[in-house]
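**Student:** Sequence first, predicted coordinates after that:
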Amino acid sequence: MDDIMNKVALALASRTSSDPDGIIAETRFSELALDSLDVAELVMDLEDAFSVTIDISQIDGTVGDLVRVIREAAE
């Protein structure tokens with residue numbers, strides 16, 4: 001698991017009381033019982049953590065999408 005995926009999984013796990021090892025790229029936010037407000041708050045936290053601006057409209061509902069958008073924003 002790369003550093004970005006690891007940080008995202010840990011952030012999601014702390015928000016949802018999930019096991020971070022069970023959060024993979026294919027995990028959908030709905031599987032973690034996150035609604036759009038939860039995802040928006042998560043994105044704001046991750047923007048601070050990674051010092052990037054995340055275009056939430058580019059996230060298609062999975063953890064992998066979020067990781068991809070963060071990776072692209074960091075380039």
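**Tutor:** Received, thanks. Numbering: from 1, shown residues only.
**Student:** what's the burial count for residue 11?
**Tutor:** Other residues lying near residue 11 total 17 when counted by other Cβ atoms under 10 Å. C-beta here means a position set from N, CA and C on the backbone, and glycine is covered the same way.
**Student:** swap that for residue 42, please
**Tutor:** For residue 42, the count of nearby residues is 23 (other Cβ under 10 Å).
**Student:** surely it meets residue 9?
**Tutor:** No. At 11.6 Å, residue 42 does not count as touching residue 9 under the criterion of Cβ atoms under 8 Å.
**Student:** Next, the distance between the ends of stretch 47-58.
**Tutor:** By Cα to Cα, to the nearest Å, the extent of stretch 47-58 from end to end equals 14 Å.
**Student:** And it, what's buried?
**Tutor:** When neighbours are counted by 16 or more other Cβ atoms under 10 Å, the buried residues of stretch 47-58 are found to be 50, 52, 54.
**Student:** how about the helices of the protein, start to end?
**Tutor:** Taking DSSP state H as the criterion, the chain contains helices spanning 3-16, 36-50, 63-74.
**Student:** among those helices, which is nearest residue 30?
**Tutor:** Minimum separation from residue 30 across the helices of the chain (Cβ to Cβ) falls at helix 36-50, 9.8 Å.
**Student:** How about exporting stretch 11-18 as CSV, limited to the C-alpha atoms?
**Tutor:** Taking C-alpha atoms only, stretch 11-18 is exported to CSV below (Å, rounded to 0.1, in the frame of the first residue of the first chain):
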residue,chain,number,x,y,z
ALA,A,11,-8.4,8.8,7.7
LEU,A,12,-11.4,6.8,6.5
ALA,A,13,-10.9,4.2,9.3
SER,A,14,-10.8,6.9,12.0
ARG,A,15,-14.0,8.5,10.6
THR,A,16,-15.9,5.2,10.3
SER,A,17,-14.4,3.0,13.0
SER,A,18,-13.3,0.6,10.3
